[in-house]
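>>> can't give you the sequence, but here's the structure:
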């Protein structure tokens with residue numbers, strides 16, 4: 001981990017207003033005995049604050065490590081790590097935060113969502129006017145509209161607009177979009193709310209509109225789009241909907257599927273580090289770290305680690321596991337057949353854009369171990385499994401062929417990753433071609 005990335009983590013911690021970078025007289029070394037979670041279960045933990053560290057293994061993998069200290073104690077001699085450490089492991093940075101009270105979990109998730117997307121506090125629907133998003137109350141009653149639906153930890157500024165405005169072809173897409181009745185953006189929470197609930201909120205906006213809708217969805221936004229277009233839209237029997245789904249976890253993502261929350265927080269930390277090495281200015285890095293800090297605070301406040309997954313509904317809804325209730329319902333055969341009928345009539349159609357990231361073995365120390373541990377099924381774009389982006393590894397699904405009109409896969413080993421699709425000329429060209 002570079003010093004610059006560490007400083008960016010500290011900046012996010014300070015912004016959160018609950019984490020204070022801490023220092024100790026000396027670094028703890030070796031395997032230190034007691035398990036803090038066991039003490040919580042026995043009612044022996046009395047400290048109202050949580051000590052947590054970012055560590056690095058001998059192979060270069062970053063991970064979170066919890067320390068527990070007796071109330072008021074600041075000596076390493078009184079501390080023990082939640083995890084056993086081995087030779088070559090090191091502590092990089094220590095943090096300290098108040099333990100959450102029982103009634104503060106959902107408040108924390110709401111605050112995290114607002115940090116990632118301040119616009120949602122003002123309202124869910126925005127219209128693009130003169131290069132800026134302007135809040136509106138409702139979409140046009142008729143005509144043809146273009147709708148942007150962002151992904152996890154994101155918003156329509158960082159997820160789409162800023163990327164498009166950085167390039168000539170992106171600016172060209174925005175100019176081309178002026179041919180629509182309106183260009184809209186749907187702002188919504190992505191941590192504390194599931195995609196299905198987001199889709200219900202979207203339906204409340206469009207329930208009185210007869211407009212045809214072309215959608216550009218990124219990442220988790222593709223699940224919101226599908227729930228709305230296939231299941232929830234009150235006008236779905238008559239409305240025409242087309243959607244370009246860019247890097248969307250239609251069958252889930254391995255990054256949301258680790259065996260426990262501690263491992264998930266580790267994965268997010270490592271992915272943020274890799275993204276930083278590609279583009280230190282990527283706004284997704286801060287958003288991922290905000291979510292990771294929030295998850296760590298939740299984990300450190302309860303001994304029921306895995307049960308707390310229910311407190312991250314917006315993330316767990318993307319888990320690539322057999323018992324993912326939302327994805328099983330979204331991708332079930334009967335629903336696919338109904339959507340296929342609409343697709344055959346020309347009323348519904350999807351187009352997918354995917355990428356296949358390939359790490360540089362010589363230049364990225366520690367990256368191989370991290371990515372192979374997270375994405376066990378193979379290809380990915382650093383966040384979503386490539387084959388999940390068009391349902392080819394969906395579970396118990398009968399992929400509706402007519403529904404998926406076309407697919408574009410960026411060449412393997414290119415510079416395209418999950419957070420820069422909309423800087424690419426090919427993405428812009430496909431959108432314009434498919435939405436002619």
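Received the coordinates, thanks. On a predicted model such as this, the values are computed, not experimentally measured, just so you know.

>>> which residues are in contact with residue 425?
167, 169 (C-beta atoms under 8 Å, 6 or more residues apart in numbering). Every C-beta, even on glycine, is put in place using the N, C-alpha and C of the backbone.

>>> what about it, distance to residue 407?
Per C-beta to C-beta, to the nearest Å, residue 425 is found 18 Å from residue 407.

>>> next: residue 355.
Residue 355 is 12 Å from residue 407, where distance means C-beta to C-beta.

>>> helices of the stretch 201-350 of the chain, residue ranges please.
221-226, 261-278, 283-300, 313-316, 325-330, 333-344 (DSSP state H, counting those that start in this stretch).

>>> backbone dihedrals for the residue nearest to the spatial centre of the chain, please?
What sits nearest the mean C-alpha location of the chain, by C-alpha atoms, centre = their mean, is residue 152, with 3.3 Å. Per-residue torsions, residue 152: phi -70, psi 140 (degrees, to the nearest 10).

>>> that one against residue 218, yeah?
No. Contact criterion C-beta atoms under 8 Å: residue 152 and residue 218 do not qualify, at 9.4 Å.

>>> shared neighbours, these two?
By C-beta under 8 Å, 6+ apart, no residue touches both residue 152 and residue 218.

>>> just give me the neighbour total for residue 171.
Residues lying near residue 171 (other C-beta atoms under 10 Å) number 14.

>>> hmm, it is touching residue 165, no?
Yes. With contact defined as C-beta under 8 Å, residue 171 reaches residue 165; the gap is 6.3 Å.

>>> buried ones in stretch 196-214?
Residues 196-203, 205-206, 209, 211-214 are the ones in stretch 196-214 that count as buried (16 or more other C-beta atoms under 10 Å).

>>> residue 92 is nearest to which of the helices of the stretch 201-350 of the chain?
helix 261-278 (10.7 Å; C-beta to C-beta).

>>> now that closest one: average pLDDT?
The average pLDDT for helix 261-278 rounds to 85.

>>> tell me what it is packed against?
Using 3 or more C-beta pairs under 8 Å, 6 or more residues apart in numbering; DSSP states H and E, the elements in contact with helix 261-278 are helix 3-16, strand 62-68, helix 283-300, helix 367-374.

>>> for residue 253, which of those is the nearest?
Residue 253 lies closest, by C-beta to C-beta, to one member of the helices and strands packed on helix 261-278: helix 367-374, at 9.4 Å.

>>> list the buried ones in that closest one?
Within helix 367-374, the residues that count as buried by 16+ other C-beta under 10 Å are 367, 370, 371, 374.

>>> can I assume residue 358 sits in a helix?
No. Using DSSP: H, G, I helix; E, B strand; the rest coil, the assignment for residue 358 is coil, not a helix.

>>> returning to what we had before: how about the contacts made by the residue nearest to the centre of the chain?
When contacts are counted by C-beta under 8 Å, 6+ apart, residue 152 touches 190, 191, 219, 220, 314, 315, 318.

>>> let's see that with 7 Å instead.
Neighbouring residues of residue 152 by C-beta atoms under 7 Å, 6 or more residues apart in numbering: 190, 219, 220, 314, 315.
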